[in-house]
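Novice: Pasted the sequence and its predicted model underneath.
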Amino acid sequence: MTARQMKLGLFLWATGHHIAAWRHPDAHVTAGIDIDHYIALARTAEAAKFDMVFCEDAAGLREANVNIASQTSRSIGFEPISLLSALAAQTERIGLVSTASTSYNEPYGLARMFASLDNLSGGRAGWNLVTSASPIEAANFGATGLRPHADRYARAREFATVITGLWHRKPAGHDGESFSVRDPLDIPPSPQGAPVMVQAGASNDGKDLAARTADVVFSAAQTFEEAKAFYDDLKGRLAAYGRQPDDVKIMPGVAPIVAATKGEAQAKYDALQELIPDDVGVALLSSYLSISDLWRYPIDGPLPELPESEGMKSRQALVIEQARRDGLSIRELARYFAGARGHWRIVGTAGEIADELQARFEGGAADGFNVMPSWFPGELDAFATLVVPELQRRGLFRKDYEGRTLREHLGLKRPV
Amino acid sequence: MHLAVSLDIAVTDSQDILDFGQISAFVRDLEAAGVDMVVISDAADAPSTSPFEATTLLAALATVTEKIGLVASASTLAHQPYNLARRFASLDIISHGRIGWNATLRQNPREAANFSRPEGFSDDDFRRRAEEFINIVRLLWVSWEHDALLFDKVSGRFHDPDKMHLIDFTGEFFSVRGPLNVARSPQGVPVLVMSGLSETELDFVSRRADAVLLDKREPDAKATSDEIKRRAHEAGRNPATMKVLAVADARPEFDGRKLKELCLSSGCDGIALNVEARTAALKDFIERLLPDLERQGFAKARSGKTLRDRLGLSEDRRP
């Protein structure tokens, strides 16, 4: 019996996770139109034995203000199921997880897409279920406005029930509130039985849905205490659905900046921070706070009192909590947030980063991590060549794949 | 004479489901022989099984081929226009400009029942909805101008905001604000292939389609082909910038000479041959029929990198 080892996902995001990543002198600036860039990243991650690559998604622009949008690289990119299907043919072992929205898809169609990806990849597909929270997306799907949080989750729950029923070959036929499906799935059973189910919602509704249906949960937490509280809360909800704590792997996001010395790593981080235009930082912060007029407030003053969001409830709370805890001005908060969108950031040597990851992993606050390189390809290369070997040396991460499928990498049971 | 091969991967019995290795080997053989494009469809009218959904299969095929055009059927009932426009624009970038969308104008009777439309659509509603859908997709495909991306790290301008356009479409069935969140694709616009036409759609098809696949049961292919091109001309298009292909089944009794006669007598620009998704049928096609077709002047190596170039289509700059 080998010791428990951490799971690692590589969170792909075009030029990188830092909002100014594309401006880094060595960043691959044409990432959003270059499939070879993604093939190279996936192969790097596979050589480093990552469990999976992961793509987020939005069916629309991320920023309504065209002037702000044009100062970021976030308005164009590949549709992720197409991207991962291409990567399926160019990789052999690494898991391929794509986000897709329950708000703007139909379960029969999405069941086909992911079963097809699972067949193409020999059992390496995963689906990250999201309910879309952006009014920009809603306007591309005929909606006159964003639907309330509770409605989106009701639809998501029904969606999850229908799609897992299709994958698990349950008796055909569903006639529900949001969806109706007559036939069984017309794609033959895929190598994993069913693609791996991933979720990231951290609201009460989101955690309940995850406890019921997810194999993997991505989360965002700054401090050990936040991470531990989320971990215990979610694992505690599993029993109600007849599930064991190990049935769900919880993987918080982490945005590392690694270099040979702490000073060098800090200098790398500071240089990236210098590339963020203030209006871009404030706009990004505003979108996660679901507030449209943050720019009205003095940029060097404190964050104003805010109403509870109908968008991303949990992320809003996390940001507000951090602003109050660290006494940050709007500018400082925006800058900090632009680095990793509220995820945990570690700046240091490989040993220091491994120490931090080990502490959360062994302290019962994570089963692994979703790694968010600040810019591509450089920060992925640094993590793969500096941090991964350190984790392997400590026995915390695999030296080779144990199996073929994503379920096998993650140590998940095959669904019955 | 252009040659397309249409591979329907849906099988209505459980035997002989192809795997990705078999399909990609077949497509690479077609590519080596100079076939213009392969058309993948994956949904039969009757209950059936497909190993892959067509657009995901196309993405994987795009990375293991270099020249052949890759066309997938995708239904206007099974997708939302915004999602479908993104997918095909992405595929066009992944394939370096070799993608087409086969938009069938005929309803698949099984789809409404599986896509939360138990009441279905009348043929007329379906047609109007499909036309609206196709128009939206095309508007989204051109929502970024070719030179919109600046990549200027120093000034901090990633793109030119004046070269990205909302579409603000509100129609009978859909409303879509846009723009697409995928860059302008290498072909400008993926090739729009239409099939499953009836008399009612000829006007729409002659205005919109880059390539038309005539129904193999079409009683008079020549009359239909002539009519489509006449209407295209009336609508202000150069009829040479649209290709009409007669469709036939690749039967064991067919040879290259018969197919050449069929093509010439139909007045079409080429032939689209249906190949059954069975290993024996693939083998017969590659070993026997394809060399014969090459001898008859089909499937020549053509210059140009994109599918539009291969088919001799100009970029779609119509309003």
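Specialist: Cool, got the structure. Residues are numbered from 1 along each chain as shown, chains lettered A, B, ... in the order given.
Novice: hey, let's count contacts and neighbours off CA atoms from now on
Specialist: Will do.
Novice: all strands for the stretch 251-400 of chain A, in order.
Specialist: In the stretch 251-400 of chain A, the segments counted as strands under DSSP state E, counting those that start in this stretch are A:344-348, A:368-371.
Novice: Parallel or antiparallel, which strands does the first one pair with?
Specialist: The sheet places strand A:344-348 alongside strand A:249-258 (parallel), with pairing taken from DSSP bridges.
Novice: Which of the helices and strands in chain A ranks last by mean pLDDT?
Specialist: Using mean pLDDT, DSSP states H and E, helix A:313-326 stands out as the lowest-scoring helix or strand of chain A, at a mean of 81.
Novice: what comes up buried for it?
Specialist: For helix A:313-326, the neighbour count (16 or more other Cα atoms under 10 Å in any protein chain shown) marks A:313-320, A:323 as buried.
Novice: Ok, which of the strands of the stretch 251-400 of chain A comes nearest A:G60?
Specialist: strand A:368-371 (23.9 Å; Cα to Cα).
Novice: Who are the packing partners of the closest one?
Specialist: strand A:7-12, strand A:249-258 (3 or more Cα pairs under 8 Å, 6 or more residues apart in numbering or on different chains; DSSP states H and E).
Novice: For the longest one, output the C-alpha coordinates as CSV.
Specialist: Backbone C-alpha positions of strand A:249-258 (Å, rounded to 0.1, in the frame of the first residue of the first chain) are rendered in CSV as follows:
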residue,chain,number,x,y,z
LYS,A,249,-11.3,14.6,-4.5
ILE,A,250,-11.1,18.2,-3.4
MET,A,251,-8.5,20.2,-5.4
PRO,A,252,-8.1,23.9,-4.5
GLY,A,253,-6.6,26.2,-7.1
VAL,A,254,-3.0,27.3,-6.5
ALA,A,255,-1.1,30.0,-8.5
PRO,A,256,2.6,29.4,-7.8
ILE,A,257,5.5,31.6,-8.9
VAL,A,258,8.6,29.6,-8.5
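Novice: pLDDT (mean, whole number) over it?
Specialist: Strand A:249-258 shows an average pLDDT of 97 in the prediction.
Novice: Over to the first one?
Specialist: pLDDT averaged over strand A:7-12 equals 98, rounded to a whole number.
Novice: returning to that earlier point: now for the strands of the stretch 251-400 of chain A, which one comes closest to A:H17?
Specialist: Counting by Cα to Cα, A:H17 lies closest to strand A:368-371 out of those; the figure is 9.9 Å.
Novice: contacts for that closest one?
Specialist: Under the criterion Cα atoms under 8 Å, 6 or more residues apart in numbering or on different chains, residues A:6-11, A:218, A:249-256, A:361 lie in contact with strand A:368-371.
Novice: just checking, A:S314 touches A:A200?
Specialist: No - using Cα atoms under 8 Å, A:S314 is not in contact with A:A200; the gap is 10.4 Å.
Novice: give me the low-pLDDT residue ranges for the chain?
Specialist: Went with chain A since none was named. Scanning chain A for pLDDT under 70 picks out the ranges A:1-2, A:143-145, A:309-313, A:416.
Novice: my bad, chain B
Specialist: Where chain B drops to pLDDT under 70, the residues are B:14, B:301, B:319.
Novice: All the strands of the stretch 51-200 of chain A, residue numbers only.
Specialist: Using DSSP E, counting those that start in this stretch, strands in the stretch 51-200 of chain A cover A:52-55, A:95-101, A:125-130, A:174-175, A:180-181, A:196-199.
Novice: could these go into TSV alongside mean neighbour count and distance to A:K399?
Specialist: Below are the strands of the stretch 51-200 of chain A laid out as TSV (neighbours: other Cα atoms under 10 Å in any protein chain shown; distance: least, Cα to Cα, whole Å):
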stretch	mean neighbour count	distance to A:K399
strand A:52-55	24	15
strand A:95-101	26	16
strand A:125-130	26	22
strand A:174-175	14	45
strand A:180-181	22	44
strand A:196-199	24	23
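Novice: and of the ones you listed, who's closest to B:A235?
Specialist: strand A:95-101 (39.7 Å).
Novice: Now do the closest one against strand A:7-12, angle only.
Specialist: Put simply, strand A:95-101 runs at 60 degrees to strand A:7-12, going by axes from the mean of the first three to the mean of the last three Cα atoms, to 10 degrees.
Novice: Please identify the pairing partners of strand A:95-101 and their relative orientation?
Specialist: Here strand A:95-101 has these sheet partners by DSSP bridges: strand A:52-55 (parallel), strand A:125-130 (parallel).
Novice: Tell me which of the ones you listed approaches A:G109 most closely.
Specialist: Nearest to A:G109, of all the strands paired with strand A:95-101, is strand A:125-130, at 13.1 Å by Cα to Cα.
Novice: residue in the stretch 201-319 of chain B nearest to chain A?
Specialist: In the stretch 201-319 of chain B, the residue that lies nearest chain A is B:A277 (14.7 Å; Cα to the nearest Cα).
Novice: From B:A250, how far out is the residue lying closest to that residue once chain neighbours are set aside?
Specialist: Ranked by Cα to Cα, 6 or more residues apart in numbering or on different chains and with sequence neighbours excluded, the top spatial neighbour of B:A277 is B:I9, at 5.3 Å. Distance of B:I9 to B:A250, given as Cα to Cα, to the nearest Å: 15 Å.
Novice: Compare those two (neighbour count), which wins?
Specialist: More crowded of B:I9 and B:A250, by other Cα atoms under 10 Å in any protein chain shown: B:I9, with 25 against 21.
Novice: can you pull the contacts of A:A59?
Specialist: Counting by Cα under 8 Å, 6+ apart, A:A59 touches A:137, A:140, B:82-83, B:181.
Novice: In a markdown table, list those residues along with neighbour count.
Specialist: Converted to a markdown table, these look like this (neighbours: other Cα atoms under 10 Å in any protein chain shown):
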| residue | neighbour count |
| --- | --- |
| A:E137 | 24 |
| A:N140 | 27 |
| B:Y82 | 26 |
| B:N83 | 18 |
| B:N181 | 27 |
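Novice: Redo those residues as CSV? Include distance to A:V130.
Specialist: Formatted as CSV, the contacts of A:A59 follow (distance: Cα to Cα, whole Å):
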residue, distance to A:V130
A:E137, 13
A:N140, 17
B:Y82, 17
B:N83, 15
B:N181, 18
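Novice: and which of the residues you listed is nearest to A:N204?
Specialist: Distance to A:N204 across the contacts of A:A59 (Cα to Cα) is lowest for A:E137, with 23.3 Å.
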